[in-house]
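Trainee: Pasting the sequence and the predicted coordinates here, then a few questions.
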Amino acid sequence: MNKDQIKNFKNKLEEEKRTLEDDLKSIGRINPENPADWESTPANQDILKSDINELGDKFEGYEENSAILEPLEIRYNEVKNALAKINSGKGYGVCDVCGQPIEPERLEANPAAATCEAHMKKIA
């Protein structure tokens, strides 16, 4: 893979990372006890002023945020890992399983891909 291709993938990954961070911040926050982890945030709650229906809605919103947060966090970590490989100059575009180059079409579709097409289902 040449430098222009890597630069192109890096730009795509950095843009996706920014988008994912914005999405994650809209429904969660970085866990203060573990900065590598995101956690869902509950809706603003004033328990003393809320009736039971409002509280139910707020807790339901929290559960929905939790369900949305998990796949976003997984994708965010995949993008960060791909960027780390690019920045280190080691391993980007190479299958984590067999060490062979990842197909260019696969990287175009998913610049954060860590495996070739033959191994993409074995990791998932």
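Mentor: Perfect, I can see it now. Numbering: from 1, shown residues only.
Trainee: what's the average pLDDT for the helix ranked longest in the chain?
Mentor: As assigned by DSSP state H, the longest helix anywhere in the chain is helix 52-88. Taken as a whole, helix 52-88 has a mean pLDDT of 83.
Trainee: helix or strand right after it?
Mentor: helix 104-109 (DSSP states H and E).
Trainee: Export that next one to CSV, keeping only CA atoms.
Mentor: Extracted C-alpha coordinates of helix 104-109, given in CSV (Å, rounded to 0.1, in the frame of the first residue of the first chain):
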residue,chain,number,x,y,z
PRO,A,104,-8.1,-2.9,-1.0
GLU,A,105,-11.8,-3.2,-1.6
ARG,A,106,-12.3,-4.3,2.0
LEU,A,107,-10.4,-1.3,3.3
GLU,A,108,-12.4,1.0,1.0
ALA,A,109,-15.6,-0.4,2.6
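Trainee: ok, and for the longest helix of the chain, which residues are buried?
Mentor: 58, 61-62, 65, 68-69, 72-73, 75-76, 78-79, 81-83, 85-86 (16 or more other CB atoms under 10 Å). No exception for glycine: its C-beta is placed from N, CA and C like everyone else's.
Trainee: Show me what that helix packs onto, helices and strands only.
Mentor: On a contact count with 3 or more CB pairs under 8 Å, 6 or more residues apart in numbering; DSSP states H and E, helix 52-88 meets helix 3-27, strand 38-40.
Trainee: so what's the spatially most central residue of the chain closest to, chain neighbours aside?
Mentor: For the chain, the residue nearest the mean C-alpha position is Tyr76 (1.6 Å; CA atoms, centre = their mean). In this structure, Tyr76 finds its nearest non-sequential neighbour in Leu20, 4.4 Å apart by CB to CB, 6 or more residues apart in numbering.
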